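J.: Make a model of this:
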Amino acid sequence: MNSLSLKVDLDFKELMKVVKQLSPAEKLKLNEVIWKDDNIEIPEEHQKIVLSRIKKSKASPERMLDWDDVSDLPIQ
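T.: Sure thing, here's the model as predicted:
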């Protein structure tokens, strides 16, 4: 693995240009570094919403949409 030692002033847009140049494996490693040791708590209310949606999808799977069918639709 290559190592770098950089001290560069970048704005967020410039940083994003650099990150987009990384390989998929490098992006995954960067993601691991960014989120490592962050204790992110999901609010209980959000957890309840997700669990409710999972329950509904299991009870009525016919109401679910296929991702490939909807992923290209414009966001309203």
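J.: helix or strand right after the helix ranked longest in the chain?
T.: In the chain, with assignment by DSSP state H, the single longest helix is helix 44-59. Sequence-wise, the next helix or strand downstream of helix 44-59 (DSSP states H and E) is helix 67-70.
J.: Let me see the mean pLDDT of that following helix.
T.: Average pLDDT, helix 67-70: 90.
J.: which residues of this structure score low on pLDDT?
T.: 1 (pLDDT under 70).
J.: Give me the residue at the spatial middle of it.
T.: Nearest to the mean C-alpha position of the chain, counting by C-alpha atoms, centre = their mean, stands Asn31 at 9.3 Å.
J.: List the backbone torsions phi and psi for that one.
T.: Backbone geometry at Asn31, expressed as degrees, to the nearest 10, gives phi -60, psi -40.
J.: For Lys27, see how far away Lys20 is.
T.: Distance of Lys20 to Lys27, computed by C-beta to C-beta, to the nearest Å: 9 Å. C-beta here means a position set from N, CA and C on the backbone, and glycine is covered the same way.
J.: meant to ask about Asn2
T.: 15 Å.
J.: What of Arg53?
T.: 29 Å.
J.: So the two - more neighbours on which side?
T.: Lys27 (13 against 10; other C-beta atoms under 10 Å).
J.: which element is the more buried one on?
T.: Using DSSP H and E, Lys27 falls within helix 24-35.
J.: and for that helix, what are the contacting residues?
T.: Contacts to helix 24-35, defined as C-beta atoms under 8 Å, 6 or more residues apart in numbering, come from residues 19, 22.
J.: what comes up buried for that helix?
T.: Buried residues in helix 24-35, defined by neighbour count with 16 or more other C-beta atoms under 10 Å: none.
J.: Pull the distance from it to the chain's centre.
T.: 11 Å (C-alpha atoms, centre = their mean, to the nearest Å).
J.: same check, this time on stretch 62-76
T.: 18 Å.
J.: mind checking the end-to-end distance for it?
T.: The distance separating the two terminal residues of stretch 62-76, taken as C-alpha to C-alpha, to the nearest Å, comes to 23 Å.
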